[in-house]
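Predicted model and sequence follow; I will ask about them next.
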Amino acid sequence: MYLFYVLNKLLTDYYHELVIIIYIFDAQSFILLNQIISDNRIQMGNCCTGGGSALEKNVQIDLGQHISEKSANSDILNKKATVIQAHCRGHIARKKVKTIQEQDKSAKKESQNDSSKPKKQNQYMNPQNKKDVLEPKEESYQNKVDSNNVHAPSEKYKKLDRMPDYLTAKTKQVLSQIEPFVYDQDKDEYKELPFLEPYELDGGSVYKGQWKNGLRHGRGTQIWQDGSIYEGYWYQNVACGKGRLIHADGDKYEGEWRNDKAHGYGKYVHMDGAQYVGYWEDDKQNGNGKEIWPDGACYEGQYKNGKKHGKGTFKWADGSIYTGDFDQNNIQGQGEYQWEDGRIYVGEWKNNKMDGKGVFTWLDGRKYEGEYKDDKKHGYGEFKWPDGRMYRGQWANGKQHGIGIYIGSSKIEKEGEWQEGKRIRWLKKGGQQTREEGN
């Protein structure tokens, strides 16, 4: 009878082990599917800005394209083999855990006081900074092993003992001058996800942080071989949420991310001091923002697809100011430009030049109201002097040219003809020529 009991227990145990193996295989197959889908997504975005133009300050914050890690296409059969090896090791670990648990149960029966012992303090707790630390639930050793095996990445990625020292001198300099990155957008699910040791990814970059079903998910830090470093949140293998990227050359972006790209509100600081603060969309400045340059020049206004577009104000280091419309980084539309010497133009612009109808005034009282073309008076316009004199008529290339009327200090109107800024004759009414007269 006792022999029958032993045989029955062994058969039951083997049945349970078989169920565990099948369960593990299904879980690892799910990880494989996720990994195959995500292998080509291990990259960081561009963080790009637009170029300069004649009247606008050169952006100078040319983020360029950050290093993209192009994952090689791995053989599916090799992936399946590594998955099998992984869950076999997991099965062996579970057997060891089961033995330990059975021994614990026997020990607890012998000592009733063991059940009253306090639980070990969670290793993730930091009483000095609870706001910035995840507080996962206390779990058994087996649950931790299960979680690590389920969420660990594919074995194509090499596990490291520590993070390599890829950081450049400029990267280290920036890190020494700023506060530690603050994680303040934790989700409830992050409490259940494991923090794993560093893994070397395709292209040589290294990631250390949380994983979910083989994907970077939650809090994590990634460094590249060129010395760049990203700290922040991840979602299904891409930078998503709040994060900070420090480029190898010392440039820094901190703000919102989506799909490995700057997206939302963020601040980009160039190593030379130039910076942009505002909204981004797919790695491009988009929406309201402000740029500041080391020489004191600044732009504040609207952006679209990485370029100044819409309403905005540009202030140059010499004191000149433009307020008005921008189109694809150009001054275009309606706007007002004030020079440092007091001159003011209010009117239409095209390709950074006065073009169309406008009013130009000088500090000494002179005033022109009329048409412009390519930054010059062209077409019909009226020019007034501070002493009351006035010319109204045709202009070409910035000079009086054609038929016009001149009103002198005597307030008498005289019609005449001008050529390249010089009067060549007076005309009677109807266009007839008359003798020369003084002003």
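Nice, thanks for sending it over.

Touching stretch 336-355 from outside, list them.
Counting contacts by C-beta atoms under 8 Å, 6 or more residues apart in numbering, the residues outside stretch 336-355 that touch it are 53-56, 318-325, 330-335, 356-363, 372-376. Heads up, the C-betas are built off the backbone N, CA and C, glycines and all.

May I see the PyMOL selection of the buried members of the residues you listed?
In PyMOL, a selection of the buried entries from the contacts of stretch 336-355 looks like this (16 or more other C-beta atoms under 10 Å):
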select buried, resi 53+55+56+320+322+323+324+325+330+331+332+335+358+360+361+372+373+375
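
What residue spans form the domains of this structure?
According to automatic domain parsing, the chain comprises the domains 1-41+64-100+141-250, 364-439.

mean pLDDT lowest for which of the ones you listed?
Per-stretch mean pLDDT for the domains of the chain is lowest at domain 1-41+64-100+141-250 (a mean of 69).

isn't Gly266 right up against Trp280?
Yes - assessed by C-beta atoms under 8 Å, Gly266 is found in contact with Trp280 at 5.6 Å.

any shared contact partners between the two?
Gly255, Glu256.

Which of these two has more residues huddled nearby?
Taking other C-beta atoms under 10 Å, Gly266 and Trp280 do not tie; Trp280 has more neighbours (29 against 23).

where along the stretch 101-250 of the chain do the strands fall?
In the stretch 101-250 of the chain, the strands defined using DSSP state E, counting those that start in this stretch lie at 158-159, 195-200, 206-212, 215-223, 229-235, 238-246.

Can you list the strands that the shortest one pairs with?
Strand 158-159 has the following sheet partners, assigned by DSSP bridges: strand 195-200 (antiparallel).

Equivalent analysis for the third one, please.
Partners of strand 206-212 in the sheet, by DSSP bridges, are strand 195-200 (antiparallel), strand 215-223 (antiparallel).

Kindly compare burial across the ones you listed and name the winner.
Of all those, strand 215-223 has the most neighbours on average by mean count of other C-beta atoms under 10 Å, namely a mean of 23.

what does that one rub up against?
Here strand 215-223 makes contact (C-beta under 8 Å, 6+ apart) with 34-35, 38, 134, 153, 163-164, 166-167, 183, 186-187, 189-190, 193, 195, 201, 205-212, 229-238.

What remains of those residues if I keep only buried residues?
34-35, 38, 134, 153, 163, 166-167, 183, 186, 190, 193, 195, 201, 205-212, 229-235, 237-238.

tell me which residues of stretch 287-294 are tucked away?
For stretch 287-294, burial by neighbour count (16+ other C-beta under 10 Å) applies to Asn288, Gly289, Lys290, Glu291, Ile292, Trp293.

Give me the residues contacting it.
57, 59-61, 272-281, 298-303, 317.

which ones among those residues are found in strands?
Among the contacts of stretch 287-294, the ones falling in strands (DSSP state E) are 275-281, 298-303.

Now the two most distant members of those.
Glu281 and Cys298 (21.7 Å; C-beta to C-beta).

any idea how far the closest residue to Tyr207 other than its chain neighbours lies from Asp374?
Take Tyr207 and drop its neighbours on the chain: the residue closest to it by C-beta to C-beta, 6 or more residues apart in numbering is Gln222, 4.5 Å away. In this view, Gln222 and Asp374 are 51 Å apart by C-beta to C-beta, to the nearest Å.

next one: Asp387
Distance of Asp387 to Asp374, computed by C-beta to C-beta: 30 Å.

Same question for Lys422.
Counting by C-beta to C-beta - Lys422 and Asp374 are separated by 22 Å.

Repeat that for Gly241.
For Gly241, the distance to Asp374 - C-beta to C-beta - is 49 Å.

Check Ile331 too.
From Ile331 to Asp374 the distance is 13 Å (C-beta to C-beta).

cool, and Val269?
For Val269, the distance to Asp374 (C-beta to C-beta) stands at 38 Å.

And Glu281, by the same measure?
34 Å.

ditto for Gly358
For Gly358, the distance to Asp374 - C-beta to C-beta - is 13 Å.

got the residue ranges for the helices in the chain?
2-38, 76-110, 141-151, 169-177 (DSSP state H).

circling back: can I get the strands paired with strand 206-212 in a markdown table with distance to Val346?
Output for the strands paired with strand 206-212, formatted as a markdown table (distance: least, C-beta to C-beta, whole Å):
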| stretch | distance to Val346 |
| --- | --- |
| strand 195-200 | 60 |
| strand 215-223 | 51 |
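
what's the closest of those strands to Gln177?
Among the strands paired with strand 206-212, the nearest to Gln177 by C-beta to C-beta is strand 215-223 (18.2 Å).

pull the CA atoms of that closest one into CSV?
Provided in CSV are the C-alpha atoms of strand 215-223 (Å, rounded to 0.1, in the frame of the first residue of the first chain):
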residue,chain,number,x,y,z
LEU,A,215,10.6,44.6,-24.0
ARG,A,216,12.0,47.7,-22.3
HIS,A,217,9.1,49.0,-20.2
GLY,A,218,9.0,51.3,-17.2
ARG,A,219,12.0,53.0,-15.8
GLY,A,220,15.3,52.5,-17.6
THR,A,221,18.7,53.9,-18.6
GLN,A,222,20.4,53.3,-22.0
ILE,A,223,23.9,54.4,-23.1
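
low pLDDT regions in the stretch 251-400 of the chain?
Filtered on pLDDT under 70, the stretch 251-400 of the chain yields no residues whatsoever.

Would you map the strands across it?
252-258, 261-269, 275-281, 284-292, 298-304, 307-315, 321-327, 330-338, 344-350, 353-361, 367-373, 376-384, 390-396, 399-407.

Reformat the ones you listed as CSV; add distance to Ser176.
Output for those, formatted as CSV (distance: least, C-beta to C-beta, whole Å):
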stretch, distance to Ser176
strand 252-258, 13
strand 261-269, 15
strand 275-281, 19
strand 284-292, 23
strand 298-304, 28
strand 307-315, 32
strand 321-327, 37
strand 330-338, 40
strand 344-350, 45
strand 353-361, 47
strand 367-373, 53
strand 376-384, 54
strand 390-396, 61
strand 399-407, 61
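
Can you give me the neighbour number for Lys159?
Neighbour tally, Lys159, other C-beta under 10 Å: 12.

residues touching it, list them.
Glu197, Pro198, Tyr199, Glu200 are the contacts of Lys159 under C-beta under 8 Å, 6+ apart.
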